[in-house]
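Asks: What would the 3D arrangement of this be:
(one chain, ligands or ions: 1)
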Amino acid sequence: MELMKDGKRTDGRKRDELRPIKIEAGPLYRANGSCYLEWGGNKVMAAVYGPKEAIPRHIQDPRKAIIEAKYNMASFSVSDRKRPGPDRRSREISKITSEALENVVLVEMFPRASIEVEIEILDADAGTRCAGITAAAVAMADAGIPMRDIPVSCAAGKAGDTVVLDLVGTEDMKGQADVPIAIAPRTDDILLLQMDGHMTAEEIDEALELAIHGCHQIAEMQKEALMTKYKTFEEE
Ligand code: CDP
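Replies: Have a look, this model is predicted:
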């Protein structure tokens with residue numbers, strides 16, 4: 001299958017076009033904050049608990065709160081049923097998600113506390129770490145966790161010899177590179193930068209530019225989702 005034909009991608013998108021994204025803030029009643037997000041073929045639920053006393057006590061930091069993100073892929077989220085439970089990949093994604101969030105949350109306000117973020121991937125079609133971070137950020141804001149900015153994440157990469165925004169599953173599998181990033185959109189501070197595959201320095205610059213532009217579009221959707229929830233709340 002050709003990944004790029006007449007300027008169009010396998011799913012008909014242009015090179016700088018995002019997949020359709022839908023964000024809902026606060027769908028869960030029992031978590032302190034939550035977010036449901038659909039992004040192309042990805043479906044993600046994120047829930048936030050805390051800040052609360054970190055347990056066991058030896059994990060407490062007397063200077064700040066710790067962020068404990070847990071990324072999990074449901075076994076039914078991929079075509080070859082995934083073996084349930086943590087693996088290397090989910091540990092890695094949990095770690096980079098915690099680190100991205102830690103850099104925007106005012107952690108110094110909650111010494112000895114932990115803020116738990118659970119990310120459940122219900123359906124996966126590439127870019128789930130970006131979808132997870134984007135959903136976690138909205139869930140954090142919904143929980144009222146003080147943050148310098150609402151982080152947002154998106155990937156760009158190379159498929160069909162073209163630098164493209166937001167790779168879909170087939171492009172991720174058969175393409176040449178994938179560069180997921182997360183930023184704080186007010187300052188464009190980079191909170192996450194990874195790369196899988198090969199690109200020239202110029203192509204990396206081009207991919208970063210595309211991904212940052214994508215992040216800004218998604219940041220607007222995050223804000224809209226939060227405003228919609230709190231507008232409805234006020235009306236009730
Ligand atoms: O999801 P993301 O792009 O952040 O991470 P990845 O490790 O690059 O995985 C790319 C895609 O491969 C996932 O989104 C899934 O669609 C698929 N995948 C899978 O089918 N089975 C797994 N055990 C892991 C990933």
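Asks: can you tell me the average pLDDT over the top helix by length along the chain?
Replies: Scanning the chain for the longest helix, with DSSP state H as the assignment, gives helix 201-235. The predicted model assigns helix 201-235 a mean pLDDT of 94.
Asks: Would you mind listing the buried residues in it?
Replies: By neighbour count with 16 or more other C-beta atoms under 10 Å, helix 201-235 contains the buried residues 203-204, 206-208, 210-212, 214-215, 218-219, 221-223, 225-226, 229. C-beta: built from backbone N, CA, C; applies to glycine.
Asks: Which strands or helices does the lowest-mean-pLDDT helix or strand in the chain pack on?
Replies: The helix or strand of the chain with the poorest confidence is strand 4-5; it has a mean of 92 (mean pLDDT, DSSP states H and E). Using 3 or more C-beta pairs under 8 Å, 6 or more residues apart in numbering; DSSP states H and E as the contact test, no helix or strand touches strand 4-5.
Asks: Which strands border that strand, and is each parallel or antiparallel?
Replies: strand 8-9 (antiparallel) (DSSP bridges).
Asks: immediately after the partner strand, which helix or strand?
Replies: On the C-terminal side of strand 8-9, the closest following helix or strand by DSSP states H and E is strand 21-25.
Asks: CA atoms of that next one as PDB?
Replies: C-alpha atoms of strand 21-25 as PDB (Å, rounded to 0.1, in the frame of the first residue of the first chain):
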ATOM      1  CA  ILE A  21     -10.500  14.600  17.900                       C
ATOM      2  CA  LYS A  22     -13.300  14.700  20.500                       C
ATOM      3  CA  ILE A  23     -12.600  15.600  24.200                       C
ATOM      4  CA  GLU A  24     -15.000  15.400  27.100                       C
ATOM      5  CA  ALA A  25     -14.000  16.700  30.500                       C
END
